[in-house]
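Visitor: The following block contains a protein sequence and its predicted model.
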Amino acid sequence: MCSETYSSHLEYTCTRQLSLHSVVSAQSPEPWLKVRVDETSAGLLNLLRTLSQDEAFDLLQRLRAGSEPFSLFPATSERLSLEHPEQYRRVRTPDSTSHHISESRLATNATGIELELMMRYPVAYPCLCPVDVEPALFESLPTLPLPTPGSPTPERSLTGARQVANRLIPTKHAATYVTNQCYSSSTGPIGSPEVHMSGDGTETANDSMHSQSSQRYCDARLSRTDFRKWTSVQVENRLAAGAVSYYLETDHPIHGLFDEDLFLTDLNSGQQSFCSAVLVNAVLGWACQSYSTIEPVAAQYQSAFYDEGTRLWQGAEHPNTLTGVAAAHLLSMTAICQGNDAAAEHRLQEAFAMGCRMGLYGAVEEKSAITWLDNHHSWIRAASHTAWGGYCSATHYSLHYQTALLERPPFLPIPGEVGAKGDRSKGDRYESYPMSSKIGQTFNKLCELFRIAHRILWEYYDGEGQSEDTPVKRVNLGFAEEIFREQLSWSASLPLHLVRSDGNSHHVVLLHTYFHCLVLDIFRPFLDRASALPLTTFEADKDNGAVGIVYNASVNQLKRLVLLYLSKFGHGATSALWRPALIYVLNSLIRDARLSSERKRTSEWDFYFKTCMLGLAKQLPCFPITDRVIQGILSMAVRDGIMSTSEASKMLEDMRREAGTEGWPSYTGVSSSCTSFIVDLDLATKHPSKATVDVLVNELDRLAMLADAASSAS
């Protein structure tokens, strides 16, 4: 239900409960009881009309939990309390909202343009109904305090918000869990096996193909795969198969860099048409980052696989192969997450160069891969995946670093696309083919969405990186609104299994987060002038300020998606692919607080800030770049006067301690790697070179030094 019908829903529900109670009570012989029920019914309805939305919802929850209407108020003053809401407020129990903190905060008060979006485009902007987020889902961790500077933390943020938001970090003592696909964890302690390299790939004594029989994977072929054929890293087949299975379920639906079925067939058989040693090592090097939260020992193999993949890539003259292009993209993404920009960009450019030589990227029809695919169905499937998977990889990179790379989308058909493209001289047409049932059309629709993003990248950024010709100066509102309408049309075309619902897979939720992140990118350059900029798309409101309303509507949707993803998808919460949603919500929160009077933080602000920061903290053991992103966010909050340096330092220390990353060199600034990863999204519209991770981290250090100096002088 949308928030416009929220109050009426409360009244209807409560009226129905009271009516049923009245029917039962009316059968009682005591006439005074019926009078009392009638008065109580009228009084409760009056309360529902006059209390705030939070308080009205709390009242309804207590009724639904079985409380008698009379028990909600002191016995000596039922009538007085029912008629005067302020007395109800005084008698509420302190923890009355502790188990439902999020419901009252997530039912937005949509009006005008936002309501029109919800009504006309419900797939992209569904009405935000209240939701349950049970504290039991996140129990195990101590509190990470985040009080409002200069004032006590609101009582409500110390009840439900703390119980929900403070339970989200995986600790070093609880790093394993079982996913829906029954991953098992039978490895020894963290320090057990030592990683070795050998030319013959000799298997360790306790490794056997039989040991895999007790473990289930996303595909049975993985249980029969001997990974000694593909890597010189001495790793148990069980561990390698588990990591590949995890990757195929968690990240591959978004990456799509190769055809899963063709890859697994060759991986199992030892053929090298659609699988290769460099690709297998690149997949394992990427997958072991997140898989280490399931199998802690995988963390020790991650760098070995990455180094082996890099060695194979840099070895003898590398032939032009689809598996080589896919591997280079994975090696580039891994380097980004390790905080090594130079290696990431170098590998990405090599992937582009090879892809261009093969006609995957930047080619017109007569020079595209069509000329050598010759209607071979399997090769078309494989080439389409690599071309479009690489295109999506480049788009992710471009959005993170705000620079356009590929000039045009691939000419090959999008994987799984209904219909066919590209006639051959013999008159045949390329066949379409279904995607894996686990993926559905997620990757197909992501490719379509990123074709729209392609226009944004080339209009907003110049392809040269940190140019002074920034989005604020170069983009006009007419183009922004045109692109937004394209996105709305895209959302309306989604098949039913990609519409948001309780049964969505994690990659469907990710697809919707990318949609709203792009909306924020479209309208962010206009926010400082939003009050003077109307939009022509909507009927509801022709007044100025529509840009800000649309922007905030997507922020509201993104907040809900972040909360649902974090509470529902434990196995996906350590994936790097949902990091953008966290960064975008955190940027919007910091902007709201910065623009509010006296840098005000509400209990709702604290709730979402902690939720997003702890979402990032789940990735701390996996990706060094995440630590620097967290520092960058905290730097923004301190710089804008929203948080003190001591608070920021305490939060960072607590998060590192709980994640078990205290003292790691790559997490404490000892590493020589650097990154121009954009974190301050508002600042990047005007001064992109000042909005990078490294600049913000250095600024946080400077602010901390100034605070220490001031403290010493006082």
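Guide: Okay, I see it. Residues are numbered from 1 along each chain as shown.

Visitor: C-alpha coordinates for stretch 264-281, CSV please?
Guide: C-alpha atoms of stretch 264-281 as CSV (Å, rounded to 0.1, in the frame of the first residue of the first chain):
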residue,chain,number,x,y,z
LEU,A,264,31.4,-26.2,-16.9
THR,A,265,31.4,-28.7,-19.7
ASP,A,266,34.9,-27.9,-20.7
LEU,A,267,36.0,-27.5,-17.0
ASN,A,268,34.9,-31.0,-16.3
SER,A,269,36.2,-32.6,-19.5
GLY,A,270,39.5,-30.8,-19.8
GLN,A,271,38.6,-29.2,-23.2
GLN,A,272,39.8,-25.7,-23.8
SER,A,273,37.3,-24.2,-26.2
PHE,A,274,35.3,-22.4,-23.5
CYS,A,275,37.6,-22.8,-20.5
SER,A,276,41.3,-22.2,-19.9
ALA,A,277,43.8,-22.2,-17.1
VAL,A,278,44.0,-18.4,-17.0
LEU,A,279,40.2,-18.1,-16.8
VAL,A,280,39.9,-20.7,-14.0
ASN,A,281,42.6,-19.0,-11.9
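
Visitor: residues making contact with it?
Guide: Under the criterion CB atoms under 8 Å, 6 or more residues apart in numbering, residues 219, 221-222, 224-225, 227, 229-231, 233, 244, 258-259, 262-263, 305-306, 308-309, 312-313, 321-324, 326-327, 330, 378, 382 lie in contact with stretch 264-281. C-beta coordinates here come from the backbone N, C-alpha and C atoms, glycine included.

Visitor: just the buried members of these?
Guide: Among these, those scoring as buried are 219, 221-222, 225, 227, 230-231, 233, 244, 258-259, 262-263, 305-306, 308-309, 312-313, 321-324, 326-327, 330, 382 (criterion: 16 or more other CB atoms under 10 Å).

Visitor: List the ones among these that fall in helices.
Guide: Members of those lying in helices (criterion: DSSP state H): 244, 262-263, 305-306, 308-309, 312-313, 322-324, 326-327, 330, 382.

Visitor: what about Pro130, which SS state?
Guide: coil (DSSP: H, G, I helix; E, B strand; the rest coil).

Visitor: how near is it to Thr611?
Guide: Between Pro130 and Thr611 the computed distance is 16 Å (CB to CB, to the nearest Å).

Visitor: what about those two, which has more around it?
Guide: Neighbour tally, Pro130 and Thr611, criterion other CB atoms under 10 Å: the higher count belongs to Thr611, 25 against 19.

Visitor: For the closest residue to Val499 other than its chain neighbours, give me phi and psi.
Guide: Nearest in space to Val499, with sequence neighbours left out and distances taken as CB to CB, 6 or more residues apart in numbering, is Val123 at 5.3 Å. Note on Val123: backbone dihedrals following degrees, to the nearest 10 are phi -70, psi -40.

Visitor: was I right about Val123 contacting Ser491?
Guide: Yes: counting by CB atoms under 8 Å, Val123 does reach Ser491; the two are 4.7 Å apart.

Visitor: Neighbour count: the two, which is higher?
Guide: Ser491 (20 against 17).

Visitor: Am I right that that one falls within a helix?
Guide: Yes: counting by three-state DSSP, Ser491 is found in a helix.

Visitor: Look up how far Pro319 lies from it.
Guide: Remark: distance between Ser491 and Pro319 (CB to CB) = 41 Å.

Visitor: can you give me the strands in the protein?
Guide: Read by DSSP state E, the chain holds no strands at all.

Visitor: can you list the domains in it?
Guide: With domains defined by automatic domain parsing, the chain comprises 3-92, 135-167+482-713, 224-437.

Visitor: Which one of those domains has the poorest average confidence?
Guide: Lowest mean pLDDT of these: domain 3-92, a mean of 51.

Visitor: ok, back up a step: measure the residue nearest to Val499 to Leu331 for me?
Guide: Val123 sits 36 Å away from Leu331, going by CB to CB.

Visitor: same deal with Gly641?
Guide: Look at Gly641 and Leu331: by CB to CB, they are 41 Å apart.

Visitor: between the two, which one's more packed in?
Guide: With neighbours defined as other CB under 10 Å, Gly641 and Leu331 compare such that Leu331 has more, 27 against 12.

Visitor: can you tell me how far the more buried one sits from Arg357?
Guide: Distance, Leu331 to Arg357, by CB to CB: 18 Å.

Visitor: what's the answer for Lys690, then?
Guide: 37 Å.

Visitor: What count of nearby residues applies to Arg702?
Guide: 12.

Visitor: what about it, distance to Arg474?
Guide: Arg702 is 31 Å from Arg474, by CB to CB.

Visitor: Repeat that for Ala480.
Guide: On the measure of CB to CB, Ala480 and Arg474 end up 11 Å apart.

Visitor: Which of these two has more residues huddled nearby?
Guide: Ala480 (25 against 14).

Visitor: who's in contact with the nearest residue to the more buried one once chain neighbours are set aside?
Guide: Nearest residue to Ala480, sequence neighbours excluded (CB to CB, 6+ apart): Ile522, at 5.0 Å. Residues in contact with Ile522 (CB under 8 Å, 6+ apart) are Ile456, Ala480, Ile483, Phe484, Gln487.

Visitor: Which one of those residues is nearest to Val547?
Guide: Ala480 (8.2 Å; CB to CB).

Visitor: Am I right that the closest one is in contact with Leu520?
Guide: No: shown here, Ala480 and Leu520 do not form a contact pair, counting by CB under 8 Å, at 11.5 Å.

Visitor: measure the closest residue to Tyr121 other than its chain neighbours to Lys568 for me?
Guide: Sequence neighbours aside, Leu488 is the residue nearest to Tyr121 in space, at 5.2 Å (criterion: CB to CB, 6+ apart). Using CB to CB, we find Leu488 at a distance of 26 Å from Lys568.

Visitor: So which of the two has more stuff around it?
Guide: Taking other CB under 10 Å, Leu488 and Lys568 do not tie; Leu488 has more neighbours (19 against 15).

Visitor: what's the spacing between the more buried one and Pro409?
Guide: In this view, Leu488 and Pro409 are 20 Å apart by CB to CB.

Visitor: And for Val519?
Guide: 20 Å.

Visitor: more neighbours, the two?
Guide: Set side by side, Val519 and Pro409 show more neighbours around Val519, with 25 against 18, by other CB under 10 Å.

Visitor: list the contacts for the more buried one?
Guide: Phe484, Gln487, Val550, Tyr551, Ser554.

Visitor: switch the cut-off to 10 Å
Guide: 124-125, 480, 483-484, 487-488, 550-551, 553-555, 557-558, 584 (CB atoms under 10 Å, 6 or more residues apart in numbering).

Visitor: what's the closest of those residues to Thr386?
Guide: Gln487 (26.1 Å).

Visitor: The closest one reaches Phe450, doesn't it?
Guide: No: counting by CB atoms under 10 Å, Gln487 does not reach Phe450; the two are 11.3 Å apart.

Visitor: Overlap of the contact sets of the two?
Guide: Common neighbours of Gln487 and Phe450, using CB under 10 Å, 6+ apart, are Ile456, Leu518.

Visitor: that older thread, pull up the overlap in contacts between Val123 and Ser491.
Guide: Leu498, Val499, His512, Phe515.

Visitor: Now, those residues that are in helices?
Guide: Judged by DSSP H, the shared contacts of Val123 and Ser491 include His512, Phe515 as members of helices.

Visitor: Just put the shared contacts of Val123 and Ser491 in JSON lines and tack on neighbour count and distance to Leu577.
Guide: Listed next are the shared contacts of Val123 and Ser491 as JSON lines, based on neighbours: other CB atoms under 10 Å; distance: CB to CB, whole Å:
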{"residue": "Leu498", "neighbour count": "22", "distance to Leu577": "16"}
{"residue": "Val499", "neighbour count": "15", "distance to Leu577": "20"}
{"residue": "His512", "neighbour count": "26", "distance to Leu577": "13"}
{"residue": "Phe515", "neighbour count": "26", "distance to Leu577": "14"}
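
Visitor: can you list the shared contacts of Val123 and Ser491 in TSV and add distance to Ile414?
Guide: Output for these, formatted as TSV (distance: CB to CB, whole Å):
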residue	distance to Ile414
Leu498	15
Val499	20
His512	19
Phe515	17
